[in-house]
Each structure stands twice: as C-alpha cells, then as structure tokens.
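**Q** quick one: sequence plus predicted model below, questions after.
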Amino acid sequence: LLQTLCNLGLTHHQLGEHARAAEHLGPAEESARRVLGPGHPITLASAHNLALALAAEGVGRRPEGVAKLRTVWQARRETLGPTHMDTIATVSDLGRMLAEGGEAAHRTEARTLLMTALDEAREALGEGHALARRIEAATKAVEELAASPKGRDQDAAEAAHWATARERARDTAAAGAVAG
C-alpha cells in the first residue's frame, strides 16, 4: 500500500497534478514515518517527494515545501552522509526550489546550496554524472538570473526563464543518460 501511494503521488506530480500528488504523498509519508521510523530512507523519500509536490502547487504551499525539504536534507545528511546521492539530490532540489521562489535573499541561499550540491556531486559521483550536470545547469540559471535586470525585479519573464532552464537541465541530463 505504501509503495502504491508513493507511485500514485509521483505519477500525479509528473502530470502536473500537484494537489492530487500531495493527497497521496502525505499519507504515504505519515504511514512510512509510523511504520518504518522518521529516518528510514523510504520515509525520507516520501517526505522529499511531498515537499516537491507542495512547492509545485504554488506560492501558498511553497513555504511548507521548503520547510519540509530542509528537514529531509538535514535528516539525510545525518543518516546517509553529505555525499550520498539522495542527500545531494535533496540539497539540489532545495536550491532550485528557493531560486524559483523569486526572493533575492532566497536566490543567494539557492546559489550557495547549489554550489555545495555541485561540489558534492562532482566529488561523489563524478563530473559527468547526470545529477552533477543537472545541478550545474541549475547553478548557471541562478547565476544568469542574478546577473540580469529581471533578477532584481521579479516578473512574468522570470517564470519563462525558469521553464527554459528546467528544460535545458532535463535535455542535458537526458543526453548524458543516453550517451552514458
């Protein structure tokens, strides 16, 4: 049942149905926490996925998603270590989530988190790993945004910028996966 809830939640999230994703991922996280414990990898994966769904729902749920992802990152650092692939993916997602939030202070923190994730990914996984390339693309997007006039004035153009950056990151990772 737990795996089914997670799969349903992830499917809805990938389809852009973030509220429905959270409806499945919330109970999955609660069940995993109760049955497996708060530090279990499945519990942390459920919480990670729920955080992404909450943040993707929009501005109203973003702070909740950010807080949950911070908690997951801390728990994964403690249980798995800072250079475990899941820990690196969490800090990378946290950095991207903060950058997409649009606040200048969050973009500064996002850049720091992404640089940390990039260093850890390169060290643990190698520079050519798909996750390292995805983090590198996200870091470049944050730097481009910070250097641009729209980085100082949040507007609709930024949303388009982030959509393009996400597509570039996905394309880069996909090309590497096929080549690797």
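**A** Received the coordinates, thanks. Numbers count the residues shown, from 1 in each chain.

**Q** where's the residue most central in space within the chain, which helix or strand?
**A** Nearest to the geometric centre of the chain sits D93, at 2.0 Å (Cα atoms, centre = their mean). Secondary structure assignment for D93, by DSSP states H and E: helix 85-101.

**Q** can I get that helix in CSV, CA atoms only?
**A** Backbone C-alpha positions of helix 85-101 (Å, rounded to 0.1, in the frame of the first residue of the first chain) are rendered in CSV as follows:
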residue,chain,number,x,y,z
MET,A,85,23.2,10.7,-4.0
ASP,A,86,19.9,11.2,-2.2
THR,A,87,21.4,13.9,0.0
ILE,A,88,22.8,15.6,-3.0
ALA,A,89,19.5,15.4,-4.9
THR,A,90,17.7,16.9,-1.8
VAL,A,91,20.1,19.9,-1.5
SER,A,92,19.9,20.5,-5.2
ASP,A,93,16.1,20.4,-5.2
LEU,A,94,16.1,22.8,-2.2
GLY,A,95,18.4,25.2,-4.0
ARG,A,96,16.2,25.1,-7.1
MET,A,97,13.0,25.5,-5.1
LEU,A,98,14.4,28.6,-3.3
ALA,A,99,15.7,30.1,-6.6
GLU,A,100,12.3,29.6,-8.2
GLY,A,101,10.6,31.4,-5.2
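
**Q** can I get the CA coordinates of the very next helix or strand once past that helix in PDB?
**A** Where DSSP H and E defines the elements, the next helix or strand beyond helix 85-101 is helix 104-125. Extracted in PDB, the C-alpha atoms of helix 104-125 (Å, rounded to 0.1, in the frame of the first residue of the first chain):
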ATOM      1  CA  ALA A 104      16.600  37.900  -3.800                       C
ATOM      2  CA  ALA A 105      17.700  36.600  -0.300                       C
ATOM      3  CA  HIS A 106      16.400  33.100  -1.400                       C
ATOM      4  CA  ARG A 107      18.300  33.300  -4.600                       C
ATOM      5  CA  THR A 108      21.500  34.000  -2.700                       C
ATOM      6  CA  GLU A 109      20.900  31.000  -0.500                       C
ATOM      7  CA  ALA A 110      19.900  28.900  -3.500                       C
ATOM      8  CA  ARG A 111      23.200  29.700  -5.200                       C
ATOM      9  CA  THR A 112      25.200  28.600  -2.100                       C
ATOM     10  CA  LEU A 113      23.200  25.400  -1.800                       C
ATOM     11  CA  LEU A 114      23.600  24.600  -5.500                       C
ATOM     12  CA  MET A 115      27.300  25.200  -5.400                       C
ATOM     13  CA  THR A 116      27.500  22.900  -2.300                       C
ATOM     14  CA  ALA A 117      25.500  20.300  -4.100                       C
ATOM     15  CA  LEU A 118      27.600  20.600  -7.300                       C
ATOM     16  CA  ASP A 119      30.900  20.200  -5.300                       C
ATOM     17  CA  GLU A 120      29.500  17.100  -3.500                       C
ATOM     18  CA  ALA A 121      28.100  15.600  -6.700                       C
ATOM     19  CA  ARG A 122      31.400  16.000  -8.600                       C
ATOM     20  CA  GLU A 123      33.300  14.500  -5.600                       C
ATOM     21  CA  ALA A 124      31.000  11.600  -5.000                       C
ATOM     22  CA  LEU A 125      29.600  10.900  -8.500                       C
END
